[in-house]
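Student: model this:
(one chain, ligands or ions: 2)
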Amino acid sequence: MIITKKRDLEELKENIKNYNSFFLIGCSECATLCGTGGEPELQAMKETLEAEGKKVTGSFVAKTGCQVLGTKVELKPFKDALAGTDCILVMSCGAGTQTAVELFQDTAVYPTNDSLFLGNMTRMQMFDQRCSLCGKCVLDKTGGICPVTACPKGLLNGPCGGTNEGKCEVSPDMECAWVRIYNRMKRIDQLEEMKKIAEPKDWSAGNTPMNLNAREKKGGG
Ligand code: SF4
Ligand code: SF4
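Tutor: Ligands and ions are numbered 1, 2, ... in the order given. Down below sits the predicted model:
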């Protein structure tokens, strides 16, 4: 999931100071789980804006805010409310914000959140980054633990010389990613694999902007 956090409210107020009427769009997926774009957060934003003397013409939580066509269809019942607004606030990730930009090309659109990383929710409202979307996954060689993300140096052959009693030299309160990988490989009886030297990574696989037409290739090939 995409982990988001609320932007600084004063910064947002500065962004929208020239607008008077707003429509709010949240997202029922990641932003709802992050507590940044579900019904309670939209309601709180509505109250904040109204306290500032602004008008909220409507609000809606998209099923999946980064799904452009689906969101377009879901927004049809809000046509009148949207016509009466001069600014849309998107309470999801940056992708959701850009859905609104695509759908409302003549209306100002602002994000209320910062998009931080792709992560896992480990406990309620607790998130860990697990993948940096590098474009060429190495989890098949590292026991399913990502060194690109979990090692601050992104080492593909580790650990570095700074690991100390299983901890990372960069963040001593954190387990060394490569010690975790070693322990995992031991558990699944693949320590021999760790003797292989990983080739330098082709970072161009993660160059942006990326796109994918998944219709062209079905399956894993
Ligand atoms: S190797 Fe790359 S794609 Fe695989 S989990 Fe790590 S960052 Fe993500
Ligand atoms: S101690 Fe481990 S996790 Fe930290 S930088 Fe070195 S190899 Fe990476």
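Student: tell me which residues of the top strand by length along the chain are tucked away?
Tutor: Of all segments of type strand in the chain, defined using DSSP state E, the longest is strand 113-123. Neighbour counts over strand 113-123 (16 or more other CB atoms under 10 Å) mark 113, 115, 117-119 as buried. Placement of C-beta: from N, CA and C, glycine included.
Student: CSV for those residues, including distance to ligand 1 and pLDDT?
Tutor: Shown next, in CSV, are these (distance: CB to the nearest ligand atom, whole Å; pLDDT from 0 to 100):
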residue, distance to ligand 1, pLDDT
Asn113, 22, 98
Ser115, 16, 98
Phe117, 10, 98
Leu118, 8, 97
Gly119, 11, 96
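Student: hmm, who's touching the longest strand of the chain?
Tutor: Contacts of strand 113-123 with the rest of the structure, by CB atoms under 8 Å, 6 or more residues apart in numbering, involve 1-7, 31, 33-34, 36-37, 91-95, 127-133.
Student: of those residues, buried ones?
Tutor: 1-4, 6-7, 31, 33-34, 36-37, 91-93, 95, 127, 130.
Student: got the CA positions of the longest helix anywhere in the chain in CSV?
Tutor: Assignment by DSSP state H gives helix 39-51 as the longest helix of the chain. Below are the C-alpha coordinates for helix 39-51, written out as CSV (Å, rounded to 0.1, in the frame of the first residue of the first chain):
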residue,chain,number,x,y,z
GLU,A,39,-14.7,9.4,5.9
PRO,A,40,-13.6,10.7,9.3
GLU,A,41,-10.7,12.6,7.8
LEU,A,42,-13.0,14.1,5.1
GLN,A,43,-15.4,15.2,7.7
ALA,A,44,-12.6,16.8,9.8
MET,A,45,-11.3,18.6,6.7
LYS,A,46,-14.9,19.9,6.0
GLU,A,47,-15.1,21.2,9.5
THR,A,48,-11.7,22.8,9.2
LEU,A,49,-12.5,24.5,6.0
GLU,A,50,-15.9,25.7,7.2
ALA,A,51,-14.2,27.2,10.3
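Student: before I go, just wanted to say thanks for your time.
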